[in-house]
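Q: Coordinates only, no sequence provided:
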């Protein structure tokens, strides 16, 4: 075989956008005012709004929702999807694509996700593949979406009971934060968002960690000032990490603390059976227990973390009480082997040795099993 | 509403790869030798090969196919999809994802598409969303994939009878070209690839245009030397355009000459009923007719182009003979309004005024209708 060859070079690109602008807006969320009065009302591009039934039924959303007649308001459209993890499917992504296509949206228009992590991830994934990419904005309405999911451009959906197995990197151009949305959350959703905030504290912010340690009453009662501070700190911390390592070649992987255990627990429980945050909080406990067994951390640190987990009513047992059937550790490890972070057949985990002291390493499955029984 | 805001910046990235390496390999295609002997056999990453039933049944492919036992050869896997446009669906993309996931491929591994434009587009789309992005290589086996589809990173699939409505930009890291694959193509597939090569000639290469004008006998009889020259010239021309305008903000859109008409014809005919190239060749004729009606081009140029179209047996009538039912122009225009290139409600078309003299403009629907009846 004789050969000859040449090369074609490609420029580096910004998928979706080169920056995210995050605006904090205090007071009762008023999306009708945000999008149809003032600066944003000047938007000349068409807007395709996506939300879910839960958000659409909030009292504070009615002035916005009522602007739309059969899903249409002037040049803009609104699609309301079903709520929650069971809807985080490729079918939902295609529902967004189909509706935007039927309404003849072009790739110069904007998709705007209004909701929690599921709506943000789905809307951004749809935007990233719609006619090979339009742009996306978010109004995160859950604590979890505010402190974590909406920042940093990870999009995606679940597939056949596996979490976020398909997706893209496609950050939002603008994010509108109304911290008051947090007051509308049911307890388990609020608690789920707190878990990601606590993870951020453990990884990057000793002051935030101390707030979780000392201010459980204020946090559990959703004190507005405390929450605003938590949200600000988490956005700054995650924003900084994402700026340093957008595609998770290095330190961004730390944000997966508790997630390999947590995703596996979510899969075993059935996606949507427990909240993402509850699973992650449990996973953080498992990761700390593992660090303790490896003699990476002191008993005092381990006990302190477990004290905090209990103060927010997160699962701390090696096998959560709701898990049914035997073979728990084997089932979890089988799933953990398929984790996106793994670079080989071995399971890679984020290890927390102390507050803000983190490393990532491949861990022996026997050791993993020992903290799951 | 009091406000405060801040920004998160993102680095520019290379989706998939920063360059494509194209290797030409002459002689009978031997993929077993390519991938399991010599340089490529040293690849340490796992390889997920995707092909279709037609390619898998070629005699020259048997040494490669027989390496796999139940889809597995050592650390590598092979998936064989159905052949042709009817399989260019999101279900096929998800079949690739599922099989790679079940075989526990990581995002550091490689997907390799062996086939025509459909297989290349599907495999690359799957690679671009699998665990938020692995990498992809191609062995294009059709003339169309060699001169057009495999170069430049456009991925995607059809959705509910609309062409390529979802997808990503995600170029292949390596492309292995065996021009001899062209000898195995059925006549309509060969002719389809020629149409894209003729389009490239009209747009960018007077010498190639003259080959189409003067060497119809050699081209129609698949003279190997002539074909190698055509393929080389097309790859160089398209590679150069893609390097200048990867995401189609400007001149890359010229490559859509004939495609707005052509895609619409494919949709009206039913995807897969006529070849992509036959539809594009017909679309080129329509675009030249339109330029003539707008007095952008001379009658001599129009007549010469139509002479060439006829020499390769492409449709030149305003309504192709196989089209059934009335209202052809209305049906086509309705579809053309949804074209990805459009930036408003108006239809944007590529206009060819002479060989290598091209422009893009929004065209009045009445004028479009006038070349469709």
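A: In hand now; what should we look at? This is a predicted model, so every value here is computed, not measured.

Q: after the longest helix along chain A, next one along is what?
A: Longest helix in chain A, counting residues (DSSP state H): helix A:224-244. Going down the chain from helix A:224-244, the next helix or strand is helix A:259-269, by DSSP states H and E.

Q: can you pull the contacts of the residue nearest the centre of chain A?
A: The residue lying closest to the centre of chain A (Cα atoms, centre = their mean) is residue A:149, at 2.6 Å. By Cβ atoms under 8 Å, 6 or more residues apart in numbering or on different chains, the contact set of residue A:149 is A:116, A:117, A:120, A:121, A:140. No exception for glycine: its C-beta is placed from N, CA and C like everyone else's.

Q: Tell me which two in those are the farthest apart.
A: Greatest spacing in those, by Cβ to Cβ: A:121 and A:140 (11.0 Å).

Q: Quick check: nearest residue in space to whichever residue of chain A sits closest to chain B, chain neighbours excluded?
A: Closest residue of chain A to chain B, Cβ to the nearest Cβ: residue A:12 (3.6 Å). Using Cβ to Cβ, 6 or more residues apart in numbering or on different chains and skipping residues adjacent in sequence, the residue nearest residue A:12 is residue B:12, 3.6 Å away.

Q: I figured that neighbour was touching residue A:14, is that so?
A: Yes. Judged on Cβ atoms under 8 Å, residue B:12 makes contact with residue A:14 at a distance of 5.4 Å.

Q: if we can go back for a sec, just the contacts of residue A:149 now: which is nearest residue A:202?
A: Minimum distance to residue A:202 across the contacts of residue A:149 is 19.6 Å, recorded for residue A:117 (Cβ to Cβ).

Q: Skipping adjacent residues, who's closest to that closest one in space?
A: Once flanking residues are discounted, residue A:117 sits nearest to residue A:149: 3.3 Å by Cβ to Cβ, 6+ apart.

Q: cool, and residue A:362?
A: Of all residues not flanking residue A:362 in the chain, residue A:346 sits nearest, at 4.0 Å (Cβ to Cβ, 6+ apart).

Q: pretty sure the one you found contacts residue A:360?
A: No. Residue A:346 lies out of contact with residue A:360 (Cβ under 8 Å); the separation is 11.9 Å.

Q: Need the contact partners of stretch A:43-56.
A: A:35, A:61, A:65, A:75-84, A:87, A:96, A:99-100, A:103, A:105-106, A:108-116, A:118-119, A:122-123, A:126, A:141.

Q: re earlier: and the longest helix of chain A, what's buried?
A: Within helix A:224-244, the residues scored as buried using 16 or more other Cβ atoms under 10 Å in any protein chain shown are A:227-239, A:241-243.

Q: tell me the domain ranges of chain A?
A: Domain ranges of chain A: A:21-185, A:188-231+A:245-370, per automatic domain parsing.

Q: does residue A:350 really touch residue A:287, like I thought?
A: Yes. At 6.4 Å, residue A:350 and residue A:287 qualify as touching, with contact defined as Cβ under 8 Å.

Q: if you count what's nearby, which of these two comes out ahead?
A: Legend: neighbour count by other Cβ atoms under 10 Å in any protein chain shown for residue A:350 and residue A:287, higher for residue A:287 (28 against 24).

Q: got a list of what the more buried one touches?
A: Residues near residue A:287 by Cβ under 8 Å, 6+ apart: A:257, A:258, A:261, A:349, A:350, A:351, A:352.

Q: Could you check how far it is from residue B:130?
A: With distances taken as Cβ to Cβ, to the nearest Å, residue A:287 is found 26 Å from residue B:130.

Q: what does residue A:112 give?
A: With Cβ to Cβ as the criterion, residue A:112 and residue B:130 are 27 Å apart.

Q: Please apply the same query to residue A:125.
A: Residue A:125 is 13 Å from residue B:130, by Cβ to Cβ.

Q: where do the contact lists of the two overlap?
A: Residues touching both residue A:125 and residue B:130 (Cβ under 8 Å, 6+ apart) are residue A:166.

Q: How many neighbouring residues does residue A:104 have?
A: Residue A:104, neighbours per other Cβ under 10 Å, totals 12.

Q: Could I get the contacting residues of it?
A: Counting by Cβ under 8 Å, 6+ apart, residue A:104 makes contact with B:337, B:338, B:345.

Q: Which parts of the stretch 101-250 of chain A are helices?
A: A:117-129, A:143-144, A:187-204, A:206-214, A:216-220, A:224-244 (DSSP state H, counting those that start in this stretch).

Q: Adding distance to residue B:57, write the ones you listed out as JSON lines.
A: JSON lines is the format used below for these (distance: least, Cβ to Cβ, whole Å):
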{"stretch": "helix A:117-129", "distance to residue B:57": "32"}
{"stretch": "helix A:143-144", "distance to residue B:57": "50"}
{"stretch": "helix A:187-204", "distance to residue B:57": "51"}
{"stretch": "helix A:206-214", "distance to residue B:57": "61"}
{"stretch": "helix A:216-220", "distance to residue B:57": "64"}
{"stretch": "helix A:224-244", "distance to residue B:57": "48"}
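
Q: Columns distance to residue B:5 and mean pLDDT on top of these, output as CSV?
A: Shown next, in CSV, are the helices of the stretch 101-250 of chain A (distance: least, Cβ to Cβ, whole Å; pLDDT from 0 to 100):
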stretch, distance to residue B:5, mean pLDDT
helix A:117-129, 18, 97
helix A:143-144, 19, 96
helix A:187-204, 20, 96
helix A:206-214, 21, 98
helix A:216-220, 25, 97
helix A:224-244, 11, 94
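
Q: on that earlier part again, go ahead and confirm the residue of chain A closest to chain B touches residue B:14.
A: Yes. Contact status for residue A:12 versus residue B:14: in contact at 5.4 Å, counting by Cβ under 8 Å.

Q: Which of the contacts of stretch A:43-56 are buried, as a ChimeraX select command?
A: Only the buried entries of the contacts of stretch A:43-56 go into this ChimeraX selection, using 16+ other Cβ under 10 Å:
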select /A:35,61,65,76,77,78,79,80,81,83,84,87,96,99,100,103,105,106,109,110,111,112,113,114,115,116,118,119,122,123,126,141
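
Q: Mind checking which of the contacts of stretch A:43-56 are in strands?
A: In strands, defined here by DSSP state E, the members of the contacts of stretch A:43-56 are A:76, A:77, A:78, A:79, A:80, A:81, A:110, A:111, A:112, A:113, A:114, A:115.

Q: rewinding a little: of all the helices of the stretch 101-250 of chain A, which one comes closest to residue A:20?
A: Here helix A:224-244 is closest among these (Cβ to Cβ), at 7.9 Å.

Q: Which strands and helices lie in contact with the closest one?
A: Applying 3 or more Cβ pairs under 8 Å, 6 or more residues apart in numbering or on different chains; DSSP states H and E, one finds that helix A:224-244 contacts strand A:19-25, helix A:187-204, helix A:206-214, helix A:216-220, strand B:3-9.

Q: Okay, buried residues for the shortest one please.
A: Just to be clear, that refers to helix A:216-220. For helix A:216-220, by 16+ other Cβ under 10 Å, it's residue A:219.

Q: Distance from the chain centre to it, please.
A: Taking Cα atoms, centre = their mean, to the nearest Å, one finds helix A:216-220 lying 22 Å from the centre of the chain it belongs to.

Q: What of the second one?
A: Offset of helix A:187-204 from its chain centre (Cα atoms, centre = their mean): 11 Å.

Q: So that helix, near chain B or not?
A: No. If you take Cβ under 8 Å from any Cβ of the partner chain as the test, helix A:187-204 misses chain B, and the best it gets is 14.6 Å.

Q: Quick check: buried residues in that helix?
A: Those would be A:189-204, for helix A:187-204 by 16+ other Cβ under 10 Å.
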